[in-house]
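**Q** Got a predicted structure here, sequence first:
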Protein chains: 2
Amino acid sequence: MGFSDPRIGGGTAVDPGLLGELLSHAVARANFSGDADFQRAVGDRSITPLRYSLLELIGANPGLQQVQLAEALQLSRSAVTLAIDYWQGRGCVERRTSTIDRRSFGINLTETGNALLADLRTRVLAHDRRFAACLNQHERAELGRLLHKLQGGAE
Amino acid sequence: MGFSDPRIGGGTAVDPGLLGELLSHAVARANFSGDADFQRAVGDRSITPLRYSLLELIGANPGLQQVQLAEALQLSRSAVTLAIDYWQGRGCVERRTSTIDRRSFGINLTETGNALLADLRTRVLAHDRRFAACLNQHERAELGRLLHKLQGGAE
DNA sequence: TATTGTTATACTCTATAACTATA
DNA sequence: TATAGTTATAGAGTATAACAATA
């Protein structure tokens, strides 16, 4: 039944090859497992890390233009349009046409959006604590520092 | 022209809200910028980090079953089927029907696949060095250690 | 019955290009 | 001309469920 294969049964691991030495791959793996836990924590599978982060940004910066949100999240304008459409469809966000520049909108949370964001925050916070549960206080701070240092370092 | 908005012009940053405190979000951001650089390093936009990592694993573990590849990358069987289809379509990989268990294949690199993988490795290595360029030797080791510790910590 | 792999389906995410309206 | 936003399109990535072949 294939147990003659040394890789099976005895728990012999797959050889990661070069992957084991790549920091970028380690980041990708950590991200992947983080996403899975995020999903479990939030419950609603349509609320993804990206969509949550957009809602969070809107909550923290009421009235921002879509272009500014796109820049903050490093996304294209169309990607932001779609993500905002999602939240608007759920009644969480509204587009207020600007009186100064009628090409653009100010994006704001509705009452519903505010309530949902508050709920999401507790779930996401629990998720993040679980995500970093195996690290001590010092390690978390250090990881955060290193990751932030990495930001934009590959330009 | 909107410059009355304090967020515009003067370089005032967008408030990250809770995102600024989430380790999982910092990981996601780092991953995102890493992917962008990976793309630039590799050139061919259809060769994604996922597809590369599959090829790397096949190269390091000739003859593995698809199920084992799926487990190693934490993917569904169907996701692996599609990714292997991609490499097979490019003549880089072949499915050899097992004589022991005729339900499964052993996945192997072709000559073409071997050559491509060798080329990719130098590009990906350059990418990873650039990715971590702003960290010193000690910081890289520490980041690697912390990320590996994170693996599976959210289960 | 259980497992390996495939296929069908459905969604998310992303970008580019072409478009509209406004500046 | 340039910018904000939308739409259409295309492709990547993912999972679930139903299926075939084999164990």
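**A** Noted; the coordinates are in hand. Numbers count the residues shown, from 1 in each chain, chains lettered A, B, ... in the order given.
**Q** Run a quick neighbour tally on A:A79.
**A** A total of 15 residues lie near A:A79 under the criterion other Cβ atoms under 10 Å in any protein chain shown. Every residue, glycine included, has its C-beta placed from N, CA and C.
**Q** cool, and A:I100?
**A** 11.
**Q** my guess is it is in a helix, correct?
**A** No: following the definition DSSP: H, G, I helix; E, B strand; the rest coil, A:I100 is coil and is not counted among the residues of a helix.
**Q** Over in chain A, which residue gets nearest DNA strand C? Let me know.
**A** A:T48 (2.6 Å; Cβ to the nearest atom of the strand).
**Q** Roughly how far does that residue sit from chain B?
**A** 11 Å (Cβ to the nearest Cβ, to the nearest Å).
**Q** Residues of chain A that sit close to DNA strand C?
**A** If contact is defined as Cβ under 7 Å from any atom of the strand, the residues of chain A in contact with DNA strand C are A:46, A:48-51, A:74-79, A:82-83, A:86, A:100-103.
**Q** follow-up on the earlier one: now for the residue of chain A closest to DNA strand C: which residues touch it?
**A** A:35, A:38-39 (Cβ atoms under 8 Å, 6 or more residues apart in numbering or on different chains).
**Q** Please convert the buried members of the residues of chain A next to DNA strand C into PyMOL selection syntax.
**A** Filtering the residues of chain A next to DNA strand C down to the buried ones (16 or more other Cβ atoms under 10 Å in any protein chain shown) takes a single PyMOL command:
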select buried, chain A and resi 48+49+50+51+75+83+86
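**Q** which residues does the residue nearest the centre of chain A contact?
**A** Among the residues of chain A, A:P49 comes closest to the average C-alpha position under Cα atoms, centre = their mean, at 3.3 Å. Contacts of A:P49 were listed using Cβ under 8 Å, 6+ apart, and they are A:34-35, A:38, B:24-25, B:28.
**Q** what do you get if the cut-off is 7 Å, keeping everything else the same?
**A** Contacts of A:P49 were listed using Cβ atoms under 7 Å, 6 or more residues apart in numbering or on different chains, and they are A:35, A:38, B:28.
**Q** In space, what's closest to it - neighbours in sequence excluded?
**A** Take A:P49 and drop its neighbours on the chain: the residue closest to it by Cβ to Cβ, 6 or more residues apart in numbering or on different chains is A:F38, 5.3 Å away.
**Q** so where do the strands sit in chain A?
**A** A:93-97, A:105-109 (DSSP state E).
**Q** looking at these, which is buried most?
**A** Among those, ranked by average contacts under mean count of other Cβ atoms under 10 Å in any protein chain shown, first place goes to strand A:105-109 (a mean of 20).
**Q** So is that strand next to DNA strand D?
**A** Yes: applying Cβ under 7 Å from any atom of the strand, one finds strand A:105-109 in contact with DNA strand D at A:F105.
**Q** Quick check: closest non-adjacent residue to A:L146.
**A** The spatial neighbour of A:L146 that comes closest, neighbours along the chain excluded (Cβ to Cβ, 6+ apart), is B:L143 at 4.5 Å.
**Q** pLDDT at the one you found, what is it?
**A** You'll see B:L143 listed with a pLDDT of 97.
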